[in-house]
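*Asks:* fold the following, please.
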Amino acid sequence: MAYLAEIRAKWRVVLATSVGQASGYSIVTYINNLFTPYLLKQFAWSRSAFALVGVALFFGILIQPITGRLGDAYGVRRVALVGVVGGPLVFVGFSLMTGDLWQFFILTLLHLIFTSGATSVVIYSRLIAKNLDRARGICLAIAASAAPAVAAVGVPFLSRVIAVYGWRMGYIAVAAATAIGGVVALLLIPPSADMAGKMGHEARRVPTAYVNILRSRPFQLLIAAVFLCLLSFTLQTTQLKVVLLDRGIDSATGSLAITLFASSTIIGRLLCGIALDRFPAYAVAALFLGLPGIGLTLLAAGPALAWAMAAAVALLGLSMGAEGDVWAYLVAKYFRTEIYGTVLGLVLCAMALSTGIGALLLSLMFKLNRGFTPFLALSAGAVFLGSGLLIFLRQHGGDESP
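*Replies:* Prediction:
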């Protein structure tokens with residue numbers, strides 16, 4: 001089937017995946033930064049204490065493989081339903097916080113359970129990985145671009161809601177939007193594409209062979225690269241605006257920078273998706289995932305220059321967009337579809353471990369009164385090393401079946 005013809009034939013699969021990811025956990029990446037300054041100010045939480053909330057991402061280590069396995073066994077619709085119902089309820093919970101940091105921690109943990117597991121890329125991307133071949137890269141990119149596209153349009157609106165009506169009403173608005181989007185996504189999924197029947201039965205019957213997966217050289221390279229490249233993830237998704245303010249950027253310009261971050265993510269995902277369908281995946285992955293090393297270096301240098309900060313934010317956004325394509329594409333390339341969710345869940349475990357350790361390191365820097373600079377420099381070095389490891393995937397071809 002021709003490239004564009006395959007996209008036209010599977011448009012409901014692509015649209016369902018796009019809407020599902022945009023109304024699921026992916027959107028949180030772009031809205032957390034808007035709430036953080038207001039929460040820190042109103043509740044007088046210290047930066048070091050707030051950074052420790054990122055430790056909740058450690059629980060993603062348990063959640064992702066479980067939900068990925070469930071997706072392989074029971075299909076996307078059944079697993080995603082849990083997040084479609086639970087996610088909005090958690091946002092309502094955020095709006096009711098009274099000031100204790102443990103409330104924010106508990107709600108963050110619940111959000112991981114309901115949305116990071118049930119409505120993340122590990123679940124929805126299975127639809128594209130199984131149903132598309134020639135246009136897999138660009139369709140993964142299109143689906144992953146839905147969340148930043150919504151953010152690019154919705155962040156200014158949400159910022160206005162928070163500024164005028166308060167952060168509590170902002171959380172209520174997010175709850176309503178994610179609930180509506182989640183229901184639409186479930187209705188769009190074609191029953192034949194979900195494969196919850198026969199495929200689910202086969203997935204439950206066939207052993208996952210975790211030992212063989214862990215011994216696979218491509219898997220080991222992916223895990224190492226994920227861990228090194230994602231140390232700064234918590235900072236990018238919760239404190240990027242705070243970093244910009246710390247560097248002397250005013251609040252209004254900082255909000256515009258977050259919009260630039262979201263827009264750059266869209267561009268990064270589309271460019272990376274097209275490149276993955278046309279060039280060696282290992283080279284594309286190494287290039288795009290190495291970009292934040294430059295951005296983090298610019299932020300670490302700390303010049304109060306608008307162009308330098310804008311360039312840093314744009315590079316971070318380009319790479320974060322590429323991540324939405326790279327990990328899912330590489331898993332589909334090197335592993336059998338029957339264990340796609342399981343393997344991708346394990347890869348995302350490494351992401352959760354890395355972000356959790358990154359949160360601890362960031363908190364430690366604040367306790368030592370070192371500020372953002374040492375953490376930014378350390379993260380930049382880790383990114384350069386991690387992206388370089390992906391070059392070694394060249395030795396392993398593709399479509400391996402552990």
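*Asks:* so where is the stretch 1-150 of the chain shaky, pLDDT-wise?
*Replies:* Along the stretch 1-150 of the chain, the parts satisfying pLDDT under 70 run over 1, 29, 54, 57-61.
*Asks:* and the contacts of stretch 211-218?
*Replies:* With C-beta atoms under 8 Å, 6 or more residues apart in numbering as the test, stretch 211-218 has contacts from 219-220, 330, 334-335, 339, 342-343, 346, 393, 395-396, 400, 402. For every residue, glycine as well, the C-beta is placed using N, CA and C.
*Asks:* do stretch 32-39 as well
*Replies:* With contact meaning C-beta under 8 Å, 6+ apart, stretch 32-39 is reached by 45, 50, 94, 104, 155, 158-159, 162, 167, 170-171, 237-242, 245, 251, 255, 258.
*Asks:* tell me which residues of that stretch are tucked away?
*Replies:* For stretch 32-39, a neighbour-count test (16 or more other C-beta atoms under 10 Å) marks Asn32, Asn33, Leu34, Phe35, Thr36, Pro37, Leu39 as buried.
*Asks:* same check on stretch 180-193?
*Replies:* Buried-residue list, stretch 180-193, by 16+ other C-beta under 10 Å: Gly181, Gly182, Val184, Ala185, Leu186, Leu188, Ile189, Ala193.
*Asks:* of these, closest to Thr373?
*Replies:* Nearest to Thr373 out of the buried residues of stretch 180-193 is Gly181 (C-beta to C-beta; 38.4 Å).
*Asks:* can you pull the contacts of the closest one?
*Replies:* Per C-beta under 8 Å, 6+ apart, neighbours of Gly181: Val19, Gly20, Ala22, Ser23.
*Asks:* in PyMOL, how would I select the buried members of the contacts of stretch 32-39?
*Replies:* In PyMOL syntax, the buried subset of the contacts of stretch 32-39 is picked out as below (16+ other C-beta under 10 Å):
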select buried, resi 45+50+94+104+155+158+159+162+167+170+171+237+238+239+240+241+242+255+258
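*Asks:* the contacts of stretch 32-39 in strands, which ones?
*Replies:* Among the contacts of stretch 32-39, no member falls in strands (DSSP state E).
*Asks:* of the contacts of stretch 32-39, which belong to helices?
*Replies:* Among these, the members falling in helices (DSSP state H) are 50, 94, 104, 155, 158-159, 162, 167, 170-171, 237-238, 240-242, 245, 251, 255, 258.
*Asks:* hang on, the earlier thing: tell me the one of the buried residues of stretch 32-39 nearest Ile294?
*Replies:* Nearest member of the buried residues of stretch 32-39 to Ile294, counting by C-beta to C-beta, is Asn33, at 20.6 Å.
*Asks:* any idea which element the closest one lies in?
*Replies:* helix 28-43 (DSSP states H and E).
*Asks:* next one: Trp102
*Replies:* Secondary structure from DSSP H and E places Trp102 in helix 101-111.
*Asks:* what residues of that helix count as buried?
*Replies:* Result for helix 101-111 [16+ other C-beta under 10 Å]: buried residues Leu101, Phe104, Phe105, Leu107, Thr108, Leu109, Leu110, His111.
*Asks:* what bits of the stretch 251-400 of the chain have low per-residue confidence?
*Replies:* Those would be 251-255, 302-304, 324, 397-400, if you go by pLDDT under 70 across the stretch 251-400 of the chain.
*Asks:* state the number of residues packed around Ser18.
*Replies:* The number of residues packed near Ser18 is 24, by other C-beta atoms under 10 Å.
*Asks:* I meant Gly166, not that one.
*Replies:* Gly166 - counted by other C-beta under 10 Å - has 14 other residues nearby.
*Asks:* please tell me how far it sits from Ala151.
*Replies:* Distance, Gly166 to Ala151, by C-beta to C-beta, to the nearest Å: 20 Å.
*Asks:* please apply the same query to Thr297.
*Replies:* Distance of Thr297 to Ala151, given as C-beta to C-beta: 25 Å.
*Asks:* not counting sequence-adjacent ones, nearest residue to Ala173?
*Replies:* Distance criterion C-beta to C-beta, 6 or more residues apart in numbering; nearest residue to Ala173, sequence neighbours excluded, is Val161 at 5.4 Å.
*Asks:* so what's that neighbour up against?
*Replies:* Listed by C-beta under 8 Å, 6+ apart, the contact set of Val161 reads Met169, Gly170, Ala173.
*Asks:* adding pLDDT and distance to Ala350, write those residues out as JSON lines.
*Replies:* Formatted as JSON lines, those follow (pLDDT from 0 to 100; distance: C-beta to C-beta, whole Å):
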{"residue": "Met169", "pLDDT": "94", "distance to Ala350": "37"}
{"residue": "Gly170", "pLDDT": "92", "distance to Ala350": "32"}
{"residue": "Ala173", "pLDDT": "93", "distance to Ala350": "33"}
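*Asks:* as JSON lines, the residues you listed with distance to Leu378 would be great.
*Replies:* JSON lines is the format used below for the contacts of Val161 (distance: C-beta to C-beta, whole Å):
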{"residue": "Met169", "distance to Leu378": "38"}
{"residue": "Gly170", "distance to Leu378": "33"}
{"residue": "Ala173", "distance to Leu378": "36"}
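*Asks:* closest one of these to Ile27?
*Replies:* The closest of the contacts of Val161, once distances to Ile27 are taken by C-beta to C-beta, is Ala173, at 12.0 Å.
*Asks:* and the angle from the helix holding Trp102 to helix 28-43?
*Replies:* For helix 101-111 against helix 28-43, the angle by axes from the mean of the first three to the mean of the last three C-alpha atoms, to 10 degrees is 170 degrees.
*Asks:* what helices and strands are in contact with whichever helix or strand comes after helix 101-111?
*Replies:* Per DSSP H and E, the first helix or strand lying C-terminal to helix 101-111 is helix 121-131. In terms of contact count using 3 or more C-beta pairs under 8 Å, 6 or more residues apart in numbering; DSSP states H and E, helix 121-131 is assigned the packing partners helix 11-22, helix 60-74, helix 76-95, helix 136-165, helix 191-194, helix 306-334, helix 340-367.
*Asks:* what's the closest of these to Ala129?
*Replies:* Per C-beta to C-beta, nearest to Ala129 of the helices and strands packed on helix 121-131: helix 306-334, 4.3 Å.
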